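> return a 3D structure for these sequence lines:
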Amino acid sequence: MSSFISIDVGNSNVTVGVKLVKEWKEYRIATDASIDQRHVLTEFSKIWAEQKDTNLEGIAMSSVVPELTGLIRKIAKQVFGHFPLLIEPKWYKFIPVTPVRSSEIGTDLLSNALAAFNLLGPNSLVVDFGTALTFTYINRDGIIDGVSIAPGIKTSLNALVSHAAKLPEISLELPSHYLGHTTLEAMRSGVLWGFIGQVKYMLENIKHEKGDDMKSLATGGLSGILHPLFDQFDLIDRQLTIKGLYEFFMIASKVPDARDAD
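Residues are numbered from 1 along each chain as shown. Just a heads-up that it's a prediction; the model follows:
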């Protein structure tokens, strides 16, 4: 059985996706202060131990944390036997979506856009519910023609808790009422219902700018918890980034030599 590995190094987690035939398994390693070479080596070894008797086709990687990029690639080679193919500007001319400013767009957003283009085609919007809440638009010509970035749900909550001594940490459970009667209820309703309102407002106005036929897709680890938003999207796929990395690898692997992309 053949397998493929996608590695997405983000600000909150290193997400490892393992593709077995058509199914994906997903693993997450927190990118907090405890992450070091030994910890990553241990976690990668556990992941690889689960993939018994598989023939690894390759590895693709996105990283928005430069200080971890080299470390993760080195350990991936040590554990999996392949250096990850890193998605970076030298490859952009080979893929069907084109960023307006290639030096500024995060490679995770580019991976999202590539997967969304493959699933929904042009004139589509990706909403990523991660450390940041991002909106990435792919226009009718396949150009990534606009991005909006705001704090994500957990980022907003962490900022609120860290700046108010008497506010406790809370779980992400959507309350049934807009106004709470306890501090916890008040925080949940304010952050989560406020977040839902923000996303609905953005979707409505971006669609007004780009046309009613624009399609939208939600992704990210928190894309599945805000149930009132589900009917706002044509598709919800929390594994979009790792799937986009696979699409990238399949395109880049057909380039005769990586040096040709320089």
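
> where is the longest helix in this protein?
Selection of the longest helix in the chain by residue count, based on DSSP state H, yields helix 194-210.

> so which elements touch it?
Here helix 194-210 touches strand 124-129, strand 132-138, strand 143-151, going by 3 or more CB pairs under 8 Å, 6 or more residues apart in numbering; DSSP states H and E. Yep, even glycine has a C-beta here, placed from its N, CA and C like the rest.

> hey, where'd the helices end up in the stretch 151-262 of the chain?
Here the stretch 151-262 of the chain has its helices, by DSSP state H, counting those that start in this stretch, at 153-162, 183-188, 194-210, 240-252.

> deepest of the ones you listed, which one?
Most buried of the helices of the stretch 151-262 of the chain by mean neighbour count (mean count of other CB atoms under 10 Å) is helix 240-252; its value is a mean of 23.

> what's the distance between that one and the middle of its chain?
With CA atoms, centre = their mean, to the nearest Å as the basis, helix 240-252 stands 12 Å off its chain's centre.

> okay, now the unreliable bits of the chain?
The model of the chain has pLDDT under 70 over residues 163-169, 257-262.

> one more pass at 80, please.
Scanning the chain for pLDDT under 80 picks out the ranges 1, 32-34, 52-53, 160-172, 221-222, 224, 256-262.

> quick one, domains of it?
Listed domain ranges for the chain are 2-86, 103-245 (source: automatic domain parsing).

> of all the ones you listed, which lies closest to Ala252?
Closest to Ala252 of the domains of the chain, according to CB to CB: domain 2-86, at 5.9 Å.

> touching, Val64 and Thr107? I think so.
Yes. Val64 lies in contact with Thr107 (CB atoms under 8 Å); the separation is 6.6 Å.

> of the two, which one has the most company?
A direct count of neighbours by other CB atoms under 10 Å for Val64 and Thr107 places Thr107 higher, at 24 against 16.

> residue contacts, the more buried one?
62-64, 87-88 (CB atoms under 8 Å, 6 or more residues apart in numbering).

> and Ala49, how close does it get to Arg38?
Separation of Ala49 from Arg38 (CB to CB, to the nearest Å) stands at 16 Å.

> what segments of this structure are strands?
Counting by DSSP state E, the segments of the chain that form strands are 2-9, 13-20, 23-30, 55-63, 85-86, 98-99, 124-129, 132-138, 143-151, 215-219, 235-236.

> deepest of these, which one?
Each of the strands of the chain was scored by mean neighbour count; the highest is strand 124-129, a mean of 26, by mean count of other CB under 10 Å.

> neighbouring strands of it in the sheet, and parallel or not?
Here strand 124-129 is paired, per DSSP bridges, with strand 132-138 (antiparallel), strand 215-219 (parallel).

> same list (these) but as JSON lines, adding distance to Leu235.
Shown next, in JSON lines, are these (distance: least, CB to CB, whole Å):
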{"stretch": "strand 132-138", "distance to Leu235": "14"}
{"stretch": "strand 215-219", "distance to Leu235": "5"}
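
> thinking again about what came up before, now for the helices of the stretch 151-262 of the chain, which one comes closest to Lys19?
With CB to CB, the closest approach to Lys19 among the helices of the stretch 151-262 of the chain belongs to helix 240-252: 6.1 Å.

> CA atoms of stretch 101-121 as CSV?
Taking Å, rounded to 0.1, in the frame of the first residue of the first chain, the C-alpha atoms of stretch 101-121 are listed here in CSV:
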residue,chain,number,x,y,z
ARG,A,101,2.3,39.1,-4.0
SER,A,102,4.2,35.8,-3.8
SER,A,103,6.6,37.0,-1.1
GLU,A,104,3.7,37.9,1.3
ILE,A,105,1.2,35.1,1.1
GLY,A,106,1.5,32.3,3.7
THR,A,107,2.2,28.9,2.2
ASP,A,108,-0.7,27.4,4.2
LEU,A,109,-3.0,29.9,2.5
LEU,A,110,-1.5,28.9,-0.9
SER,A,111,-2.1,25.2,-0.1
ASN,A,112,-5.7,26.0,0.8
ALA,A,113,-6.2,27.9,-2.4
LEU,A,114,-4.7,25.1,-4.5
ALA,A,115,-7.0,22.5,-2.9
ALA,A,116,-10.1,24.8,-3.1
PHE,A,117,-9.4,25.4,-6.8
ASN,A,118,-9.2,21.7,-7.4
LEU,A,119,-12.5,21.1,-5.5
LEU,A,120,-14.6,24.1,-6.4
GLY,A,121,-12.8,25.8,-9.3
